[in-house]
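In: show me the folded form of this:
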Amino acid sequence: MSVAGRSSGDAAAAVARESYGRLVAYLAARSRDIAAAEDALADAFAAALEHWPRDGVPDAPEAWLLTTARRRLHDRWRHARVEADAEPTLAILFDELAEAPAETRFPDERLKLMFVCAHPAIDPAARPALMLQAVLGLDAARMASAFVVAPATLSQRLVRAKTKIRAAAIAYEVPGEDEWDARLGDVLDAIYAAYGTGWDDVAGTDPAKSGLAVEALALAATLARLVPHAAEAWGLVALVAFCQSRATARRDARGDYVPLHAQDAARWDRELIAVAESALARAASLGAPGPYQLEAAIQSAHSQRRLGADVPPAAIVALYDALVALQPTVGALVSRACAVAEAEGSAAGLAALAAIPARDVDGYQPYWAALAHLARSAGDAATAASARTRAVGLSSDAAVRRFLLAVE
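Out: Residues are numbered from 1 along each chain as shown. Now for the predicted structure:
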């Protein structure tokens, strides 16, 4: 069914899920103000919920929302207390907004907006989250866990970043090649964080995350084509494609969570695996190794091993050693500990977990799940029970909680 054929509430929700990023990017490109673009679009959605039940859903809901948002921007500019010498500039910007016909398909300028958010003048800690909010419409509460910070802290970073963009009049444009090195990493990190946010919704029941994993893969592929000589861009495509190839196998017929080692490899998407292997080979051919390529290589090793290839556990540990040497994140360290346990035994894995600073793992659910598993394997029932309780408490997905509680 088309969006226009749905109920007014369903139509607005569908456009919000499918087109929010395009609409904000389009408005921000011309207003030069991300916060104002978001506010105007929020007003447009509010107007839709008021008018569409009475007047019917328009044939082109996106165009209706864009037109309404433009008017909101114009009203704000017209009523704002601005200096006289700034008024001509605002008029020019609105004229530029008005030039594009509302009936046309909106250009996808999300990557441009992401590079704006990666400007060196913006706080590095805020860049990836700013991209996710501006391009994908995620709020601080939903993103906070991905960045291992409190929602209030992340919200403050986002407000400061948007203020910086507006106050510094940061140009809305893709930087030249001489600026790629300074910005590309932040864009890659944001796309991967977006994928992780969608991947966390293993049940597929959160409308805000629905389709987000697939959207992140599409963004990664688009970016790789935009910068074909960037090895890490292809590494990210490979990593996301490997993970996404196993998406349908993460649930059994009853909807229960299935960990990687227990998944039915016959349910994996072989086409996506082929895409991932091709992207990884292309990345390797560019001779610039990086963290995303190493993570993709680890996923390749897991996939090949489950599909029958002879991949010794020590080889996976070696890949993790290389990864943590480049990027010793808590996620990499926990995953390495699990790989060490498989190669050398649960005691060695527990020692690797113990070496991770306690402050880094306090709220990190995979650490406690790993600790519970390894402690149980080592015969330490008390530690296993305590860690499992912690892991269950930190899990937002009911199926994952059931899985953890069912393990004896």
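In: show me the strands in the stretch 101-250 of the chain, by range?
Out: With DSSP state E, counting those that start in this stretch applied, the stretch 101-250 of the chain shows no strands anywhere along its length.
In: shaky segments in the stretch 201-350 of the chain?
Out: Counting by pLDDT under 70, the low-confidence segments of the stretch 201-350 of the chain come to 201-211.
In: buried ones in stretch 277-284?
Out: With burial defined by 16 or more other Cβ atoms under 10 Å, the residues of stretch 277-284 counted as buried are 277, 279, 280, 282, 283, 284. Every residue, glycine included, has its C-beta placed from N, CA and C.
In: do stretch 178-185 as well
Out: Using 16+ other Cβ under 10 Å as the test for burial, stretch 178-185 gives 180, 183, 184, 185.
In: so which of those sit within helices?
Out: Counting by DSSP state H, the members of these that fall within helices are 180, 183, 184, 185.
In: surely residue 343 meets residue 318?
Out: No. Counting by Cβ atoms under 8 Å, no contact exists between residue 343 and residue 318, whose distance comes to 9.5 Å.
In: these two: which is more packed in?
Out: The neighbour comparison of residue 343 against residue 318 (other Cβ atoms under 10 Å) goes to residue 343, with 17 against 14.
In: could you find the closest non-adjacent residue to that one?
Out: Sequence neighbours aside, residue 313 is the residue nearest to residue 343 in space, at 3.7 Å (criterion: Cβ to Cβ, 6 or more residues apart in numbering).
In: hang on, isn't that neighbour packed against residue 345?
Out: No. The pair residue 313 and residue 345 fails to qualify as a contact (Cβ under 8 Å) at a distance of 10.6 Å.
In: how distant is stretch 241-256 from the center of its chain?
Out: Its chain's average C-alpha position is 18 Å from that of stretch 241-256, according to Cα atoms, centre = their mean, to the nearest Å.
In: hmm, back to that, return the distance of the residue nearest to residue 343 relative to residue 165.
Out: Using Cβ to Cβ, to the nearest Å, we find residue 313 at a distance of 47 Å from residue 165.
In: neighbour count for those two, which is higher?
Out: When residue 313 is set against residue 165 and neighbours are counted by other Cβ under 10 Å, the residue ahead is residue 165, at 23 against 15.
In: just to check, the more buried one is in contact with residue 118?
Out: No. Shown here, residue 165 and residue 118 do not form a contact pair, counting by Cβ under 8 Å, at 11.2 Å.
In: apart from its chain neighbours, what residue comes closest to residue 363?
Out: Spatial nearest neighbour of residue 363, excluding adjacent residues (Cβ to Cβ, 6+ apart): residue 394 at 6.4 Å.
In: pretty sure the one you found contacts residue 362?
Out: No. Shown here, residue 394 and residue 362 do not form a contact pair, counting by Cβ under 8 Å, at 9.6 Å.
In: more neighbours: which of those two?
Out: residue 394 (19 against 12).
In: who's in contact with the more buried one?
Out: 363, 364, 365, 368 (Cβ atoms under 8 Å, 6 or more residues apart in numbering).
In: mind checking pLDDT for it?
Out: At residue 394, the pLDDT value in this model is 90.
In: ok, the one 10 residues further on next?
Out: Per-residue confidence (pLDDT) for residue 404: 91.
In: okay, now it: neighbour count?
Out: When counting by other Cβ under 10 Å, one arrives at 23 neighbours for residue 404.
In: start at 424 instead
Out: In the new count, where the first residue is 424, that last one comes out as residue 827.
In: the nearest residue to it once chain neighbours are set aside: neighbour count?
Out: Leaving aside its chain neighbours, residue 827 sits nearest to residue 815 (5.0 Å; criterion: Cβ to Cβ, 6+ apart). Other residues within reach of residue 815 by the criterion other Cβ under 10 Å amount to 18.
In: residue 815 contacts residue 824, correct?
Out: Yes. Between residue 815 and residue 824 there is a contact under Cβ under 8 Å: 5.1 Å.
In: overlap in contacts of the two?
Out: Here residue 815 and residue 824 have no joint contacts, going by Cβ under 8 Å, 6+ apart.
In: if we can go back for a sec, which of the buried residues of stretch 700-707 fall in strands?
Out: The strands in this structure, assigned by DSSP state E, contain none of those.
In: okay if I get these as a markdown table plus distance to residue 557?
Out: A markdown table is the format used below for those (distance: Cβ to Cβ, whole Å):
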| residue | distance to residue 557 |
| --- | --- |
| 700 | 33 |
| 702 | 26 |
| 703 | 30 |
| 705 | 29 |
| 706 | 27 |
| 707 | 33 |
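In: closest to residue 483 among the residues you listed?
Out: The nearest member of the buried residues of stretch 700-707 to residue 483, counting by Cβ to Cβ, is residue 702 at 35.7 Å.
In: so how far is residue 653 from that closest one?
Out: When distance is defined by Cβ to Cβ, residue 702 is 12 Å away from residue 653.
In: need the overlap of contacts for these two.
Out: Common neighbours of residue 702 and residue 653, using Cβ under 8 Å, 6+ apart, are residue 647.
In: show me the helices in the stretch 724-831 of the chain, by range?
Out: All helices of the stretch 724-831 of the chain, identified by DSSP state H, counting those that start in this stretch, fall at 736-749, 753-767, 769-777, 781-784, 788-800, 804-817, 821-829.
In: those: which one's closest to residue 685?
Out: When the helices of the stretch 724-831 of the chain are ranked by distance to residue 685, counting by Cβ to Cβ, first place goes to helix 821-829 at 9.9 Å.
In: and the closest one, what does it pack onto?
Out: Using 3 or more Cβ pairs under 8 Å, 6 or more residues apart in numbering; DSSP states H and E as the contact criterion, the elements in contact with helix 821-829 are helix 804-817.
In: residues of the helix it packs on that come out buried?
Out: So for helix 804-817, counting by 16+ other Cβ under 10 Å, buried means 806, 807, 810, 811, 813, 814, 815, 817.
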